[in-house]
Structures are given as structure tokens and as C-alpha cells.
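Q: Model the following, please.
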Amino acid sequence: MNKESANSLTARIVIGMIAGIGLGLLFKAMLPKDGDLIIPLGLFDFYVRGFFVDGLFEIGGQIFVTSLKMLVVPLVFVSLVCGTCSLTDTSKIGSIGGRAIGLYLITTAIAITIAIFAGLLVAPGEGVNMTSEVTFAAAEAPTLAQVIIGMFPSNPFDAFAKGNMLQVIVFALLFGIAVALAGDAGERISKQFEDLNEVIMRLVVILMNLAPYGVFCLMTTLFVKLDPSAFANLAAYFFTVLGVLILHALLTYPTLLKVLTGLNPIIFIKKMRTTAMFAFSTASSNATIPSTLNTTTKKLGVGNSIASFTVPMGATINMDGTAIMQGVATVFIAQVFNVDLTVTDFLMVIVTATLASIGTAGVPGVGLIMLAMVLAQVGLPVEGIGLIIGVDRLLDMVRTAVNVTGDSMVTVVVGKAEGQFNQDLYNSVDDTRGDRIDFHHLKDKY
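A: I've put the predicted structure just below:
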């Protein structure tokens, strides 16, 4: 590995991830067991659990994730205003949005269809008898009509404060259109937003360079707290979902990209590595928006006017990874409870989960709420969700990586279709573009 590669953000994130997993497993091995204390219980609680796991690493990991989330609202708003007001023909917004939403729904339908077939083929729930002592309190999900009405903010500042991304996106679009139509005053405002966007993107790059340390802390605390018995009991379910997630990311997306654009999908997969690892470590599509925007515009060659619109939208409504979990989980829970689902039931699952990917956008715990909706739709016991909670954290990390990969694929397709795409940049071999920050440049500029 040459010096350039060794210093890349991707390599440093991998090192941080592996080191965190290793240290977490080491701490896990040191956990006091009945009659077999590797170290005195008091010392373990104070030093290992108190100072490191629940202290230093928990604080470091949460500060990292919180710092990323801190940027989401200002980044999305400023970037989307810049992208919208830069469109000379504001009618293109409808074309961009239509293409993006259509592709997101298509990929979600494909994802859950593959998941159902995989669940039926592997049959992870057959012979599993874990129907007792499982509970799950499902929050009430809003209707599609309520979500559509709720997309329009009565108070934009309240939407900013609460991080309601759908409302932020709608207000940013309306504000950007107004700026584009405001003549000379709009041009002055547009320049101010462009400068502000440059500053925010510089802050993004600074925080991205802290990612290896944040990932290290997150992995350490995760693997210390992971319940191995829950993983062992649900191994078949876990690996079925994992296999479908990998298949969707490495086969469905590249195939669609090749068919719809003719671009080399291998280049796409290689340039998505850093963002996918970012998503895996944070398990949050919203927290990964800065990295996704950086990758789509600086590595994949999509114009900011497209990426600033499709990426936040994808982080809000694109639920391919969650749809895969729902498909396998529905089959798994049906098998555990010995319920035979008909072809009509499976079709209902596909339709419900696909529409729910938009209908429940922005709801906390969206994956489990969507699954509760799907289970109720086909008459399966909602409490069956309690069976899969034990391994959901790890799967959530993987499906977030799949989601942001889908966001980026759709962004490339839409960008090329709208003529806002730099193919030379896409085909370039420089995969470290935007990964590191040039502090000498900062010193000279500021």
C-alpha cells in the first residue's frame, strides 16, 4: 500500500473499525462471570465499564455522531437552496423529483421482493420456538395523508430545531425557487448562500477527518454490549438478511446503474467505500448526508443542483435496507408463529412496505414501525418483532450502508439524465478526492 492510500480516509476508517472491534471483544472477554472473575468486580466496574466503556468511548462515539447530526439541517438547507436557485429553469425541479422518487420506489420494491424470496428459500424461522416472552410496543404510525400534510411547515424554525427533514426540504425548495425568481435581490442572496455553503462544506471535511476516531469509539462500545446469545439464536435470520443486503448493494444497484446510464458500476462501488463505511459506523442515513454529498459531487461527478436535492430526499424516503429487513422478518415471524401466508399476503407486504418507505419518513424508529405496519396488514402478531430486536443493531448498520449506496446510485442516474454530470470526474481514478483536508490551504486562504 502506497503512502497516499495508507493516509486515505477509507484506510483510516477501516483501521479504526478493526481496532474498535478488537478492543470491544477484549473487554467482552474480561466481563466478570459467576465464579470466574478474570479481574476483581470492583476494578472492572470502575476502570473498564465505568471509565472506558460507559465513559471515554461512549462519550467519544456519541460526540462524533452528534457532531455529524449537528451539520445535517444547515447543510441540507443551505446546499438545497444553492442547488435550487442555480437552476435556470425551475420547472426542472418537478422532473428531478419525479425521476428520483420513481427510482427510489422501484429499488425499494425490488429489495423487498428479493428479501421475501430469500426468506422463503432459506426458511430461517422453521423449527424456531421463541414465541413466548417476547413483547414489542409499536408506536402508532401516521397515515400517508398526515405525512403529506406534515411536509409543509407552519413554522420553519420549529422544523429546523426538531430536525424534521421533510419540512426542511420543502421550505428550502420554496425558498430557493423564490431566490431564483427574485431578480437582482435573488442574485445577491444566492452569492451569500454559495459562500455559506463553501464554509459548511469545509466544516464537513474537518469532521470527516475525525471519523476514524469516532468509529473506533462506536465499535468498541457496540461489541462490548452485544448479546452473543441473541445473535446465536437468530443466526439464520441474521445471515439471510445480511446476504440479501449485500446482494442488493452489489448486484441490483450496479445493474440498474449500467442499464440506465451505461456507466462502469465497478467505479461506482469503489468510490462508495468511504461513504458506505461512514454509514455502517453511524447507522444513520441523516448523519451520513455530508459524506454522501461529498462523494456524489466530488467523486462521482454529479452537479450540486442535483445532489443537494436527491441525497437529502433519499436519506428521508429511501428505505431499501429496511425493506429487506421487513421482507425477511415477515417470513421469519410467520414461520415462527406457524402462519401460512398466501401469494396475496406477500403482494400486500410488497405494496405496503414500498409505500410505507415514504409514508413513515421522519418517524423515530422508522424500521420497526414500518415492520409493525406490514405485520398488522397481513395479520401477523406484532409482538413477533421482539424476536429480532437482539440483532437489529448490527443489521441496522449494514442496511444504512445499503440505503446510502442507493441514494448515490439514484443521484448519479438523475444527474446524468438531467445533464448535470461530469463523466470525466466519474471515470477518474482519484478516489481520495475530498477525503483529507489541506491545512496549508486553509492557512493561506483564511
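Q: distance of Leu71 from Gly262?
A: Here Leu71 is placed at a distance of 34 Å from Gly262 (CB to CB, to the nearest Å). In short, each C-beta sits where N, CA and C put it, glycine included.
Q: Who has more neighbours out of the two?
A: For Leu71 versus Gly262, neighbours defined as other CB atoms under 10 Å are more numerous around Leu71 (18 against 9).
Q: In space, what's closest to the more buried one - neighbours in sequence excluded?
A: Among residues not flanking Leu71 along the chain, Pro290 sits closest, at 5.5 Å (CB to CB, 6 or more residues apart in numbering).
Q: same for the helix or strand harbouring Phe223, what does it pack against?
A: Using DSSP states H and E, Phe223 maps to helix 211-225. When contacts are defined as 3 or more CB pairs under 8 Å, 6 or more residues apart in numbering; DSSP states H and E, helix 211-225 packs onto helix 9-29, helix 58-85, helix 273-282.
Q: can you tell which of those helices is closest to Ile106?
A: Across those, Ile106 has its closest neighbour in helix 273-282 (21.0 Å, CB to CB).
Q: hmm, who's touching that closest one?
A: The contact list for helix 273-282, computed with CB atoms under 8 Å, 6 or more residues apart in numbering, reads 8-10, 13-14, 17, 65, 68, 208, 211, 214-215, 218-219, 249, 285, 288, 291-292, 294-295, 397-398, 400-401, 403-405, 408, 431, 435.
Q: ok, now with 7 Å
A: The contact list for helix 273-282 (CB atoms under 7 Å, 6 or more residues apart in numbering) reads 9-10, 13-14, 17, 65, 68, 211, 215, 218, 285, 288, 291-292, 295, 397-398, 400-401, 404-405, 408, 435.
Q: Give the other helices and strands that the following helix or strand past that helix contacts.
A: Using DSSP H and E, the next helix or strand after helix 273-282 towards the C-terminus is helix 289-298. Applying 3 or more CB pairs under 7 Å, 6 or more residues apart in numbering; DSSP states H and E, one finds that helix 289-298 contacts helix 58-85, helix 183-208, helix 273-282, helix 304-317, helix 389-417.
Q: Averaged pLDDT, the third one. What do you get?
A: By that I understand helix 273-282. In this model, helix 273-282 has a mean pLDDT of 86.
Q: That helix: how far from the chain's middle?
A: 9 Å (CA atoms, centre = their mean, to the nearest Å).
Q: Return the residues in contact with Thr295.
A: Applying CB under 7 Å, 6+ apart to Thr295 gives the contacts 271-272, 274-275, 408.
Q: Quick check: chain neighbours aside, which residue is closest to Ile59?
A: Cys217 (7.9 Å).
Q: low-confidence ranges in the stretch 101-250 of the chain?
A: 127-144, 147, 166, 226-234 (pLDDT under 70).
Q: mind running it again at 50?
A: Confidence mapping of the stretch 101-250 of the chain against pLDDT under 50 gives the ranges 130, 132-136, 230.
Q: Can you get me a residue count around Phe337?
A: Neighbours around Phe337, by other CB under 10 Å: 15.
Q: so what pLDDT did it get?
A: At Phe337, pLDDT is 79.
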